[in-house]
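Undergrad: mind folding the following:
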Amino acid sequence: MTPPAQLANYVPRKFMVTIPTDLVALCRSLGLRVREVPAKGFDGALIRSKAGQKGIVAVKTSIREVSRKRFTIAHEIGHFIIPYHRDLGTFCEERKIESFDKGAEPGRD
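TA: From the prediction side, this is the model:
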């Protein structure tokens, strides 16, 4: 099984995720806080503590679609839990996140 597939199986088992996933509760259990910020130039960012065990998921306040905010939070959780992303220091710009489907049905993960 590939490392991404292992993580995809691990998260629901480890955190007993319900559907729809309570992303804020998942963040809390991981040591993350979700904050909406008046950002320019990025949709989401992960700011880690120096020890890397805690952090803040910053989400652009002006994102109107709930599904887009959820996608952004989930994307930043991915950066936090994927081991080789620990040293990345980039922001996630909307144009760089191509896999979000703006036509997705509301309320669906």
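
Undergrad: surely Ile56 forms part of a helix?
TA: No - using DSSP: H, G, I helix; E, B strand; the rest coil, the assignment for Ile56 is strand, not a helix.

Undergrad: next, count neighbours for it.
TA: Ile56: 17 surrounding residues under other CB atoms under 10 Å. C-beta here means a position set from N, CA and C on the backbone, and glycine is covered the same way.

Undergrad: from Arg64, how far off is it?
TA: Computed as CB to CB, to the nearest Å, the Ile56 to Arg64 distance reads 22 Å.

Undergrad: show me where this protein has its strands.
TA: Listed in chain order, the strands of the chain (DSSP state E) span 32-37, 44-48, 55-60.

Undergrad: strand 55-60 and the first one, what's the angle between them?
TA: The reference is to strand 32-37. Relative orientation of strand 32-37 versus strand 55-60 (axes from the mean of the first three to the mean of the last three CA atoms, to 10 degrees): 30 degrees.

Undergrad: strand partners (parallel or antiparallel) of strand 32-37?
TA: Here strand 32-37 has these sheet partners by DSSP bridges: strand 55-60 (parallel).

Undergrad: show me where the chain has its helices.
TA: Along the chain, the stretches classed as helices by DSSP state H are 3-15, 23-30, 66-81.

Undergrad: for Glu36, which of the ones you listed is the nearest?
TA: helix 66-81 (8.2 Å; CB to CB).
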